[in-house]
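Q: quick one, what's the 3D model for this:
(chains A, B, C and D)
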4 protein chains.
Amino acid sequence: MGRRVRARELGIKIGMMNPGRYNAITDVEGIGVGHSTIIEGEGPLIIGEGPIRTGVTAIVPHQGNVYEEKVRAAAYPYNAYGKAAGLLQLIHMGVIETPILLTDTLNTWIVADALVDYMYEIMNVKAMSINPIVGETNGSYLNDSIGRHVKKQHVFEALEEAYSPSGTGPVDEGNVGGGTPMSGFEFKGGIGTSSRVTSWFSLGVLVQLNFGRREDLRIDGVPVGKELSDVNPRGAQSSNSIMVVVATDLELTSRQLWKIAKRAMLGVARTGSYGGVHSGDFVIAFSTSKRDVEPLIENIQKHSGHLGKGRIEFDEFFLDPVYRAAVEATEEAIVNAMFKAETMIGRDYHVRRAIPLDRVKEIMSKYGRI
Amino acid sequence: MGRRVRARELGIKIGMMNPGRYNAITDVEGIGVGHSTIIEGEGPLIIGEGPIRTGVTAIVPHQGNVYEEKVRAAAYPYNAYGKAAGLLQLIHMGVIETPILLTDTLNTWIVADALVDYMYEIMNVKAMSINPIVGETNGSYLNDSIGRHVKKQHVFEALEEAYSPSGTGPVDEGNVGGGTPMSGFEFKGGIGTSSRVTSWFSLGVLVQLNFGRREDLRIDGVPVGKELSDVNPRGAQSSNSIMVVVATDLELTSRQLWKIAKRAMLGVARTGSYGGVHSGDFVIAFSTSKRDVEPLIENIQKHSGHLGKGRIEFDEFFLDPVYRAAVEATEEAIVNAMFKAETMIGRDYHVRRAIPLDRVKEIMSKYGRI
Amino acid sequence: MGRRVRARELGIKIGMMNPGRYNAITDVEGIGVGHSTIIEGEGPLIIGEGPIRTGVTAIVPHQGNVYEEKVRAAAYPYNAYGKAAGLLQLIHMGVIETPILLTDTLNTWIVADALVDYMYEIMNVKAMSINPIVGETNGSYLNDSIGRHVKKQHVFEALEEAYSPSGTGPVDEGNVGGGTPMSGFEFKGGIGTSSRVTSWFSLGVLVQLNFGRREDLRIDGVPVGKELSDVNPRGAQSSNSIMVVVATDLELTSRQLWKIAKRAMLGVARTGSYGGVHSGDFVIAFSTSKRDVEPLIENIQKHSGHLGKGRIEFDEFFLDPVYRAAVEATEEAIVNAMFKAETMIGRDYHVRRAIPLDRVKEIMSKYGRI
Amino acid sequence: MGRRVRARELGIKIGMMNPGRYNAITDVEGIGVGHSTIIEGEGPLIIGEGPIRTGVTAIVPHQGNVYEEKVRAAAYPYNAYGKAAGLLQLIHMGVIETPILLTDTLNTWIVADALVDYMYEIMNVKAMSINPIVGETNGSYLNDSIGRHVKKQHVFEALEEAYSPSGTGPVDEGNVGGGTPMSGFEFKGGIGTSSRVTSWFSLGVLVQLNFGRREDLRIDGVPVGKELSDVNPRGAQSSNSIMVVVATDLELTSRQLWKIAKRAMLGVARTGSYGGVHSGDFVIAFSTSKRDVEPLIENIQKHSGHLGKGRIEFDEFFLDPVYRAAVEATEEAIVNAMFKAETMIGRDYHVRRAIPLDRVKEIMSKYGRI
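A: Numbers count the residues shown, from 1 in each chain, chains lettered A, B, ... in the order given. Here you go, the predicted model:
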């Protein structure tokens, strides 16, 4: 099957903008990511026993106490067929006050409760209530999802990694953390990430990929899925969803972050989504608020002489490159999730094949791309 | 202090429409309500130990398996400062597939997880995921909320009561179930219910009341709160929120139910809410779909000769009496919650006084109402 | 029938907060209001000829060019059964770039087009498009609405008055401008206004009142409508809607203004609205941004020692008094609209009686209020 | 420059589903389309005189009186930077009661008012108010938009064509009707249409295309825009927006139509949109309700044995192919708009080049598509 590489290592460059150092959400300074991955047992499903293919991924918006130093945020539930916790208050208040956790569907509430534990026990929060943020997609094609095998200790492990020095560097992708049992276009999916960095802002995206029909898959516009319709076994098409987390360092309002979150879905569309009925498509966007928008506005003005500075601000015209970054990084994060994921055999001997990268390379070449 | 009675027993009749047999959400045929109430310990707060003043209230939309026989539903988060579980999918799909549980703030996720257990263990659901519905308000003024003392067994107890014959009759109010530690207008609050019944439909409301400043309280328009500003001790004003559940037997779309949910907030407004910043105000509406709208439409047409039947249907003019019922029943359910609640001493010797009904009677009389 | 007076002149004080100098939206510094009122003809309706009972009301957020100096704004369509122009872009951008005009239903587009003329011709806007804001309610019970008798000249007249020195003072109420043919609770309605002023902010409300059933009318909680059920003729109940415009000088985000707009509906509820199906209930809120929130936040903190300043800002706890002001001023503006409106005979000899103030005074006294 | 052909005539087949007879919105039975196109004058812009490059496009959902036979509808304002009329009531009521008109930005209100005239004068509507639906994009790069040259007669002309036998056949595309002055990816844009037809439903899309930056243009995933970066002159990038109208014959709720409207944006994304700040992106979806969903549900069930019929209905799983159709037809309608548009010289000698189809053919071939 060969070594798993990221899109750019295969020569695929999505869009016009440049990624940052790690081409990951951690290119937004201060953000940490940690995974806790649980892979145990094989064979037929025995609910409560396994096989277990699950985990949890933690994203911390900065290295401090998120409750004390809340960050501006927004959420966009495009097709809200999902169980995500905490989003209504997030949308209402426009802030996030805990790290963001991603996991397998039915773990949502155990993970949310453990995140509350973490905030009280480790972060010493004194408040009488906390709003934990947990996203999920449904990994039951490979995992004993009903058994709910993610426990408090796994949540704490993922958070500790996210808060450790290694959490702010390169991010593991594919079959890790919350992405462990997930699929993508009837291949193996999971966690993927990408970023876009300019002189005025950084923007990173992390996805938990679990949606898509084979024939719909497009990579940078190339109909890769159709060309790979012969790859078997394919597995069933159930369990379709995607969680997208977008982060930037630009100091924005929650309303502006909401608009950025909406753009992520355009990146999802470019990979072949038609917004399937069973696909729970959610986007969360937040800002570390470490960069002022003023220099970006001034730069835009330099190149749009006809627009006054006030208009650029009121029209939010300075958001244009940020929107573009969100679209591009989302598209690329999805491709990275598939490229880094390895074939997995799960419960009841269900198999999700890794997308064959040698074949992908041939196809991209055939269509004049690399 | 005297016996606790409901609003109508004191001679207070809210609105123009008539309540049903029980003047409760259970007047909508098939709906069951059950409470599990936990009151243990007294004295200073020791997190994880108590004192405990909490519980869970279950509302079952019919006596069957809600996953197999889903009901049309909608939610309206007026001021979404709260942790309610399951509402995004409910809003998206327009259905409820589990009973609705109400509890104390930080119990939300344990209760949601236990509700999932109930669906798999007792209801034998075979699906790979389930969307549990849990509402909450913050009872930490009296309860060791951070200790999260509601467990799986309490959730099962409340559900079993809701599914028992007694669950479909009169509903206990005040310091019961999820309402155990809650407040209302700086008096003791909790669970309250009311209904409106006509020849064409029934509509019931159940609230978990926990909001309000004393001076704002109005009962049927009378400034009772101002008149009772001398009642002490008052306690702090924290912990403000309300969960409203509206049920009807009319077969409606989720869009129509959403509009009904919005009307409940007008009933909340009439008791004195100004939509306080810290008040998490959520409304859930659902329909048992046991009554067709056709006879209601025909009756409306009879009294609105100028409107054609098609217009009544497309304009949804037939919803007018349903809107009115929702406003009236919500207002009365809030009053019932306060009237039936008894004085409670909670953690750190915090006291919430029951509203003094003899004084209320005097005031209503002074203002020409009874 | 006697002199028409405002609520406070009759001794009715809604809520706890104090109105400003004019008890009008013009208490928010810089705001101007102008009316153009057209009353012509009597007798049977001849579409295109009359009788005419219509007009237009203009609200200017400041005395300058609103396109060049846009103001932060939000809109809340509670029951969006109406034709208001410009609200989708207003909601999206969070700004208003023209004055706000109120008129009779089918005039909406002529008035919007004339407002565009005004911006180009009088304000010399150079932009290639403009988003005019026009609200409406349906005055066809008294007016030849289909005839659309408001023309460009009337729009310019109303705007010129709003931009004149007299526009920033006391505001005419009742049968003026857009409110000319409107009703309220089956009495005569129209334009009403009120304000609340503190050391930290001013907030004003102007309504175009046209909704309500007689029996539902409550004034400061007193069931005035029921007591006046004998007043005849009543006219038909059609033409139900309300447009509410809320203004403040506090510098807020459009998201915060949206939350304030939502509170206005709680004030509407207190006068007896149940959100009728045929009632187009819209709220527009904007800010002149002349007062910083900082002093308000500091004052809140002084009285809420347990809350840190950061929390007050992130939770937006400082909005609490602003919410209350919006509820109170909306309730009082509705009462003022009715109190100042005079009996009008319109097309086809339809009559809308002014609410009899002597009777109201007796009723308020009977119920212990004055 | 050569003959202008549609995408399929050039061998480009978007997606997997098949178009109908006309590959147009008129493949949904009963729908009619008419254009009124106004092209007058040349040379420098004199506001109020010209040059004029404008018009209006009418879509009638059936050949009868739309007010009397309203159709179910929904709207999705993705990036609501636009002046569209009537959408708030449409969203609220879930119905359309007039034809849909598309025009140039500042004509919106004149066109809306003329549509009201049409409903009263030609359709003999008796109601006291009507909610006209008008969409717009900004054609001021070529047109004297501020001059507002579309008048009542043009609106009536477009409607009469839509109501004539020829209106229900093939649809003119490119520089016609509302699309006359519009652009697409810095080429000439305008009106485009496409459809998808199955045994169970028909779905058609009509767009008024006016958005896009050259380098972003993708046709069926191929980076055509980058390859055409040398085509000059390019003109400025202002005037970015798209109006999408989706129609189906399936009897759906407005909520379901809203979900379909959301999918259209995924098709827009595939052509290269990143949801630009200045792009007013609106989708309107409606149903003629001539086909029951039952046969579609049964067909889905046949191919998804594991899903019960009830689940397919409650999950709305039967919408999956409808979503796909909406994405595909939107993408193709955009390409058709560009392919059929011809080079236009407008005010101030501004030029919009038609996309060179010979070059496009070469590029599609180079990238292995035709």
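
Q: the nearest residue to A:Tyr323 once chain neighbours are set aside: which element?
A: Take A:Tyr323 and drop its neighbours on the chain: the residue closest to it by C-beta to C-beta, 6 or more residues apart in numbering or on different chains is A:Arg263, 4.5 Å away. Just so you know, the C-beta spots here come from the backbone N, C-alpha and C atoms, and that holds for glycine as well. Here A:Arg263 sits within helix A:254-270, counting by DSSP states H and E.

Q: ok, now A:Gly235?
A: Going by DSSP H and E, A:Gly235 is not in any helix or strand.

Q: can you give me the distance of it to A:Gly178?
A: Remark: distance between A:Gly235 and A:Gly178 (C-beta to C-beta, to the nearest Å) = 19 Å.

Q: what comes into contact with stretch A:274-281?
A: A:77-84, A:136-138, A:211, A:213, A:216, A:238, A:240-242, A:244, A:265, A:268-269, A:273, B:89, D:259, D:262-263, D:266, D:315-317, D:319-320, D:323-324, D:326-327 (C-beta atoms under 8 Å, 6 or more residues apart in numbering or on different chains).

Q: point me to the residue of the stretch 201-350 of chain A nearest chain D.
A: A:Gly221 (2.7 Å; C-beta to the nearest C-beta).

Q: pretty sure that residue is touching D:Pro223, no?
A: Yes: between A:Gly221 and D:Pro223 there is a contact under C-beta atoms under 8 Å: 6.7 Å.

Q: which of those two has more neighbours?
A: More neighbours surround A:Gly221 than the other of A:Gly221 and D:Pro223, with 23 against 19 (other C-beta atoms under 10 Å in any protein chain shown).

Q: show the contacting residues for the more buried one.
A: Residues in contact with A:Gly221 (C-beta under 8 Å, 6+ apart) are A:270, D:218, D:220-223.

Q: so which of those belong to helices?
A: Secondary structure from DSSP state H places A:Arg270 of those in helices.

Q: neighbours around A:Asn124, how many?
A: With neighbours defined by other C-beta under 10 Å, the count for A:Asn124 comes to 10.

Q: so which strand or helix has it?
A: A:Asn124 belongs to no helix or strand, assigned by DSSP H and E.

Q: could you do the one 5 residues further on as well?
A: Following DSSP H and E, there is no helix or strand that holds A:Ser129.

Q: could you give the angle of the lengthiest helix in chain A to helix A:254-270?
A: Ranked by number of residues, the top helix in chain A under DSSP H is helix A:320-340. Counting by axes from the mean of the first three to the mean of the last three C-alpha atoms, to 10 degrees, helix A:320-340 lies at 50 degrees to helix A:254-270.

Q: could you export helix A:320-340 as PDB, CA atoms only?
A: Output of helix A:320-340 as PDB, limited to C-alpha atoms (Å, rounded to 0.1, in the frame of the first residue of the first chain):
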ATOM      1  CA  ASP A 320     -12.400  38.200   1.600                       C
ATOM      2  CA  PRO A 321      -8.900  36.600   1.900                       C
ATOM      3  CA  VAL A 322     -10.000  35.000   5.200                       C
ATOM      4  CA  TYR A 323     -13.000  33.400   3.500                       C
ATOM      5  CA  ARG A 324     -10.700  32.100   0.700                       C
ATOM      6  CA  ALA A 325      -8.300  30.700   3.300                       C
ATOM      7  CA  ALA A 326     -11.200  28.900   5.000                       C
ATOM      8  CA  VAL A 327     -12.400  27.300   1.800                       C
ATOM      9  CA  GLU A 328      -9.000  26.200   0.700                       C
ATOM     10  CA  ALA A 329      -7.800  24.900   4.100                       C
ATOM     11  CA  THR A 330     -11.000  22.900   4.500                       C
ATOM     12  CA  GLU A 331     -10.700  21.300   1.100                       C
ATOM     13  CA  GLU A 332      -7.100  20.400   1.800                       C
ATOM     14  CA  ALA A 333      -7.700  19.100   5.400                       C
ATOM     15  CA  ILE A 334     -10.300  16.700   4.000                       C
ATOM     16  CA  VAL A 335      -7.800  15.300   1.400                       C
ATOM     17  CA  ASN A 336      -5.100  15.100   4.100                       C
ATOM     18  CA  ALA A 337      -7.500  13.100   6.400                       C
ATOM     19  CA  MET A 338      -7.900  10.500   3.600                       C
ATOM     20  CA  PHE A 339      -4.300  10.400   2.500                       C
ATOM     21  CA  LYS A 340      -3.000   9.800   6.000                       C
END
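
Q: buried only: go through the contacts of stretch A:274-281 for me.
A: A:77-84, A:136-138, A:211, A:213, A:216, A:240-242, A:244, A:265, A:268-269, A:273, B:89, D:259, D:262-263, D:266, D:315-317, D:319-320, D:323-324, D:326-327 (16 or more other C-beta atoms under 10 Å in any protein chain shown).

Q: wait, isn't A:Arg347 in contact with A:Ile39?
A: No: look at A:Arg347 against A:Ile39 with C-beta under 8 Å: they stay out of range, at 11.6 Å.

Q: between those two, what contacts are shared?
A: The contact sets of A:Arg347 and A:Ile39 overlap at A:Arg53 (C-beta under 8 Å, 6+ apart).

Q: A:Tyr118 contacts A:Leu159, correct?
A: Yes: with contact defined as C-beta under 8 Å, A:Tyr118 reaches A:Leu159; the gap is 5.7 Å.

Q: quick one on the thing from earlier: more neighbours: A:Gly235 and A:Gly178, which one.
A: A:Gly178 (32 against 19).

Q: what residues are up against that one?
A: A:Gly178 touches A:35, A:54-57, A:101-104, A:135-137, A:191, A:208, A:243, counting by C-beta under 8 Å, 6+ apart.

Q: out of the residues you listed, which are buried?
A: By 16+ other C-beta under 10 Å, those give A:35, A:54-57, A:101-104, A:135-137, A:191, A:208, A:243 as buried.

Q: of all these, which comes closest to C:Leu307?
A: Proximity of the buried ones among the contacts of A:Gly178 to C:Leu307 (C-beta to C-beta) peaks at A:Leu101, which lies at 27.6 Å.

Q: before we move on, the earlier item: tell me which of the buried ones among the contacts of A:Gly178 fall in strands.
A: A:35, A:54-57, A:101-104, A:135-137, A:191, A:208, A:243 (DSSP state E).

Q: and A:Glu186, how far from B:Asp216?
A: Between A:Glu186 and B:Asp216 the computed distance is 57 Å (C-beta to C-beta).

Q: next, the buried residues of the strand of greatest length in chain A.
A: The longest strand of chain A (DSSP E) is strand A:280-291. Of all the residues in strand A:280-291, those buried under the rule 16+ other C-beta under 10 Å are A:280-289, A:291.

Q: angle of that strand against helix A:254-270?
A: 130 degrees.

Q: after strand A:280-291 comes which helix or strand?
A: helix A:294-303.

Q: that next one near chain C at all?
A: No: judged by C-beta under 8 Å from any C-beta of the partner chain, helix A:294-303 stays clear of chain C, getting no closer than 15.7 Å.

Q: contacts for that helix next, please.
A: A:199-201, A:250, A:307-309, A:312-313, A:317-318, A:320-321.

Q: cutoff 6 Å now
A: For helix A:294-303, contacts defined as C-beta atoms under 6 Å, 6 or more residues apart in numbering or on different chains pick out A:200, A:309, A:312, A:318.

Q: secondary structure element holding the third one?
A: Okay, so that is A:Ile312. Assigned by DSSP H and E, A:Ile312 falls in helix A:309-314.

Q: isn't the residue nearest to A:Tyr323 up against A:Ala326?
A: Yes: using C-beta atoms under 6 Å, A:Arg263 makes contact with A:Ala326 at a distance of 4.3 Å.
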